[in-house]
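Asker: pasting the sequence and the predicted coordinates here, then a few questions.
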Amino acid sequence: MKLLLAALLPLLATATLVALLARSLQRDAQAEPVSPLIGKPAPVLDLERLAGDTPPRPGEVWVLNVFASWCGPCRTELPVLGQLAEQSGVRIVGLDYRDTLELGLAFLKRHGNPYALTWRDPEGKGSMAWGVTGVPETFVIDRKGVVRLRHTGPVTAEDLNKRLLPLIKRLQGA
């Protein structure tokens, strides 16, 4: 009996590991990571302004986009963020992650500036308050100042049309 149990134990352990691996492979790799901020008040940022002077007003739906001059995907999403601002009328606030003043300003001048206001975050403290894990990341904040969406990676035209615009329109109507 002991010999049979000793032979079955490694087999049982291997079967369990294979089952766990198979389960993890079935997860949706494109699923958005859950943010602890969803449903909670947006963190207040007290940072130096890089550009612009129009902060979100109380009672307004707005978008925060975390970017960096050294981030290639951040460049590719700028035209889409411009479309978002035009199509929804929503104010987009930029958060320039771990850049120098000169690099941040040059980035906006060279690639376009869809932001009504851009804050500098040279040490990453503001980004940390938002739970940012990489750039770009985009957040939608409702009229009450509550975070309603976290989007990781560059915002594409598909993301704009299928996720962001419908949510923003719904929040603006509420």
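Answerer: Nice, thanks for sending it over.
Asker: ok, now how distant is W130 from L105?
Answerer: According to C-beta to C-beta, to the nearest Å, W130 and L105 sit 22 Å apart. For every residue, glycine as well, the C-beta is placed using N, CA and C.
Asker: over to L95?
Answerer: Counting by C-beta to C-beta, the gap from L95 to L105 is 15 Å.
Asker: go on, D53?
Answerer: For D53 relative to L105 (C-beta to C-beta), the value is 14 Å.
Asker: who has more neighbours out of those two?
Answerer: When D53 is set against L105 and neighbours are counted by other C-beta atoms under 10 Å, the residue ahead is L105, at 18 against 8.
Asker: isn't the more buried one right up against G52?
Answerer: No: between L105 and G52 there is no contact under C-beta atoms under 8 Å: 11.4 Å.
Asker: contacts for stretch 92-100?
Answerer: Residues from elsewhere that reach stretch 92-100 (C-beta atoms under 8 Å, 6 or more residues apart in numbering): 45, 47, 50-52, 55-56, 62-70, 81, 84-85, 104, 107-108, 113-124, 126-127, 130, 132, 135.
Asker: mind checking the pLDDT average for it?
Answerer: Averaging pLDDT along stretch 92-100 yields 97.
Asker: off-centre distance for it?
Answerer: Here stretch 92-100 is found 13 Å from its chain centre; the criterion is C-alpha atoms, centre = their mean, to the nearest Å.
Asker: can you dump the C-alpha coordinates of it into CSV?
Answerer: C-alpha atoms of stretch 92-100 as CSV (Å, rounded to 0.1, in the frame of the first residue of the first chain):
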residue,chain,number,x,y,z
ILE,A,92,-8.0,65.2,-21.6
VAL,A,93,-5.3,65.6,-19.0
GLY,A,94,-1.8,64.3,-19.6
LEU,A,95,0.6,63.0,-17.0
ASP,A,96,4.2,63.1,-18.3
TYR,A,97,5.9,60.1,-16.6
ARG,A,98,9.5,60.3,-15.6
ASP,A,99,10.6,62.9,-18.2
THR,A,100,12.6,66.1,-18.0
